[in-house]
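1. no sequence for this one, just the structure:
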Ligand SMILES: [Zn+2]
Ligand SMILES: [Zn+2]
């Protein structure tokens with residue numbers, strides 16, 4: 001499944017006239033296969049051994065290009081580093097309070113909230129974000145093991 005998505009993503013890049021460098025390919029592949037929401041630093045560390053000459057700036061640059069063609073979404077959380085999401089379908093996130101892990105889940109998109117917000121405030125709504133917080137399965141087990 002991720003291989004199919006990778007091929008589709010490569011096609012999107014080609015159609016947009018974006019050059020596919022080996023690093024760009026690797027960043028994209030990592031995002032599509034890891035299914036986590038990594039920071040640029042995490043991507044850099046994961047690919048460091050494969051591309052010893054690559055810098056964090058290169059990773060950022062590649063992520064920017066992927067974002068511009070709509071293959072990657074950037075998630076910002078206050079002062080923390082941005083996280084990158086290659087799941088561009090509509091979905092919501094649940095975030096672990098302990099380890100910061102972000103997991104996707106599907107839920108019918110709350111379009112009513114957007115239209116209500118528009119009606120009430122007169123804004124042109126562009127999108128909304130909804131995050132659920134809790135303790136992930138791994139951290140739950142760590143917590144119980146301590147007691
Ligand atoms: Zn956790
Ligand atoms: Zn996501």
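-> Received it, and whenever you're ready, just let me know what you need. In this text the structure is predicted, and so the values were computed from the model without any measurement. Numbers count the residues shown, from 1 in each chain. Ligands and ions are numbered 1, 2, ... in the order given.
2. Point to the helix or strand of the chain where mean pLDDT is at its lowest.
-> Between all helices and strands in the chain, the lowest mean by mean pLDDT, DSSP states H and E belongs to helix 137-146, at a mean of 83.
3. Pull the residues that contact it.
-> Contacts with helix 137-146, where a contact means C-beta atoms under 8 Å, 6 or more residues apart in numbering, come from 96-99, 101, 135. C-betas here are computed from N, CA, C, even on glycine.
4. do you know how far the residue nearest to the spatial centre of the chain is from residue 31?
-> What sits nearest the mean C-alpha location of the chain, by C-alpha atoms, centre = their mean, is residue 85, with 1.2 Å. In this view, residue 85 and residue 31 are 8 Å apart by C-beta to C-beta, to the nearest Å.
5. The residue nearest to the centre of the chain and residue 72 touch, don't they?
-> Yes. If you go by C-beta atoms under 8 Å, residue 85 and residue 72 touch, sitting 6.8 Å apart.
6. Selecting buried members of the contacts of helix 137-146 in ChimeraX, what would you type?
-> A single ChimeraX command selects the buried members of those (16 or more other C-beta atoms under 10 Å):
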select :96
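7. List the contacts of the closest residue to residue 28 other than its chain neighbours.
-> Excluding the flanking residues, the one nearest residue 28 by C-beta to C-beta, 6 or more residues apart in numbering is residue 9, at 5.6 Å. Residue 9 makes contact with 28, 32, 71, 86, according to C-beta under 8 Å, 6+ apart.
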